[in-house]
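A.B. asks: what shape does this take:
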Amino acid sequence: MSIERVRAYFDPLGRADQILEFSVSSATVDLAAKALGVAPQRIAKSISFRGKDGGCLLVVAAGDAKIDNGKFKARFGTKAKMLSPVEVEAETGHAVGGVCPFALPEAGVWVYLDVSLQRFDTVFPAAGSANSAIQLTCAQLYTDSGALGWVDVCKGWQEEDAVPVAAGQ
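C.D. replies: Numbers count the residues shown, from 1 in each chain. Now for the predicted structure:
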């Protein structure tokens, strides 16, 4: 089960007991926000795309952010083509609704965090199932996900509310 892999992933980091499991679905931004009792913007959604080289690009963005096709193409050198649900599970090991940037395959998946997340002290990514989440600071999310960097590939969020995060975080 994917959530068990995520729990095992967080165990050596001392965060396994911080994974929240709900009796209701948290498979969408709105459902997760309702289950957690937080604003939808604070949900860190993971969106899976086909990379230029054929691998999987996982972009983690704020719940109110939408991919800006022009920014995506400028940053990654390819059109923003989302993976099908079958491809998502095959490539990330997580089913749609529980996709997260943790416990991913060793190769072929590259994680990037969108700057839309930086306006929050903490955010809530899924934890491998359609009824789970974990609360992390942006610095923890960056480190724990093994992100390759911060990117600006989204639109539709309040950019003036963003707080700069130091390089390497």
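
A.B. asks: and the closest residue to V109 other than its chain neighbours, backbone torsions?
C.D. replies: Closest residue in space to V109, ignoring its immediate chain neighbours: C56 at 4.6 Å, by C-beta to C-beta, 6 or more residues apart in numbering. Heads up, the C-betas are built off the backbone N, CA and C, glycines and all. Main-chain dihedrals, C56, degrees, to the nearest 10: phi -110, psi 130.

A.B. asks: ok, C56 - contacts?
C.D. replies: By C-beta atoms under 8 Å, 6 or more residues apart in numbering, the contact list for C56 reads S48, F49, R50, L83, E87, E91, T92, G108, V109, W110.

A.B. asks: tell me which of those fall in strands.
C.D. replies: Secondary structure assignment by DSSP state E places S48, F49, R50, V109, W110 of those in strands.

A.B. asks: for burial, what's the neighbour tally of the third one?
C.D. replies: R50 has 19 neighbouring residues, counting by other C-beta atoms under 10 Å.

A.B. asks: thought it was touching T78?
C.D. replies: Yes - counting by C-beta atoms under 8 Å, R50 touches T78, with 7.4 Å between them.

A.B. asks: which parts of the chain are strands?
C.D. replies: 20-21, 43-50, 56-62, 66-67, 109-114, 122-125, 132-133, 136-137, 150-151, 154-155.

A.B. asks: okay, the longest one in PDB with CA atoms only?
C.D. replies: Provided in PDB are the C-alpha atoms of strand 43-50 (Å, rounded to 0.1, in the frame of the first residue of the first chain):
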ATOM      1  CA  ILE A  43      -3.000  22.000   0.100                       C
ATOM      2  CA  ALA A  44       0.200  21.100  -1.700                       C
ATOM      3  CA  LYS A  45      -1.100  19.300  -4.800                       C
ATOM      4  CA  SER A  46       1.200  17.100  -6.800                       C
ATOM      5  CA  ILE A  47       0.700  17.200 -10.600                       C
ATOM      6  CA  SER A  48       2.400  14.700 -12.900                       C
ATOM      7  CA  PHE A  49       3.600  15.600 -16.400                       C
ATOM      8  CA  ARG A  50       5.600  13.900 -19.100                       C
END
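
A.B. asks: that'll do, ta.
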